[in-house]
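In: Here's a sequence, model it:
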Amino acid sequence: MLQSLDEHKGIDIVSIPLDGKSSIADFMVIASGSSSRQVAALAEHLEVKLKRAGVPILGKEGLAQADWVLLDTAEVIVHLFRPEVRDFYSLERMWDTVTPRDGIVQVRAD
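Out: Predicted coordinates for the structure are as follows:
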């Protein structure tokens, strides 16, 4: 999942472990796309990869507008944002109070 987002030019990809901290999922993945079009493309590519891997997508929200797209696989919740929307909602900061900073994994292409 992280590799797919990275390969498709996801920006500032972050994986936050939630195991033992929340019952909503084991991990939360947050990434940005440079535009609504790229956010939608990231979501569509990821959805195809997950389906091919046999991972069911239980919920999908926001694809029509693509400012903030959410994909829920039960074990992992993926949030894809346009940068300014991501800054506004600051999910990383919200979960930073729950998860020690060293538990957050950032993925960047070099």
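In: end-to-end on stretch 66-79?
Out: Its first and final residues considered, stretch 66-79 spans 11 Å by CA to CA, to the nearest Å.
In: And the strands in this protein?
Out: If DSSP state E is used as the criterion, the strands of the chain fall at 11-17, 27-32, 59-61, 68-72, 76-81, 105-107.
In: give me the low-pLDDT residue ranges for the protein?
Out: Scanning the chain with the threshold set as pLDDT under 70 gives 96-110.
In: where along it do the helices fall?
Out: Taking DSSP state H as the test, the helices found in the chain are 2-7, 36-52, 83-89, 91-96.
In: how about a markdown table for those helices, with distance to Glu75 and mean neighbour count added?
Out: From N, CA and C alone the C-beta is placed, and that goes for glycine too. Listed next are these as a markdown table, based on distance: least, CB to CB, whole Å; neighbours: other CB atoms under 10 Å:
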| stretch | distance to Glu75 | mean neighbour count |
| --- | --- | --- |
| helix 2-7 | 14 | 16 |
| helix 36-52 | 11 | 17 |
| helix 83-89 | 22 | 14 |
| helix 91-96 | 16 | 14 |
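In: Of all those helices, which one comes closest to Glu61?
Out: When these are compared by CB to CB, helix 36-52 sits nearest Glu61, at 10.0 Å.
In: and that closest one with strand 11-17, angle?
Out: Orientation check (axes from the mean of the first three to the mean of the last three CA atoms, to 10 degrees): helix 36-52 against strand 11-17 gives 40 degrees.
In: list the helices and strands helix 36-52 packs on?
Out: Other helices and strands packing on helix 36-52, by 3 or more CB pairs under 8 Å, 6 or more residues apart in numbering; DSSP states H and E, are helix 2-7, strand 68-72, strand 76-81.
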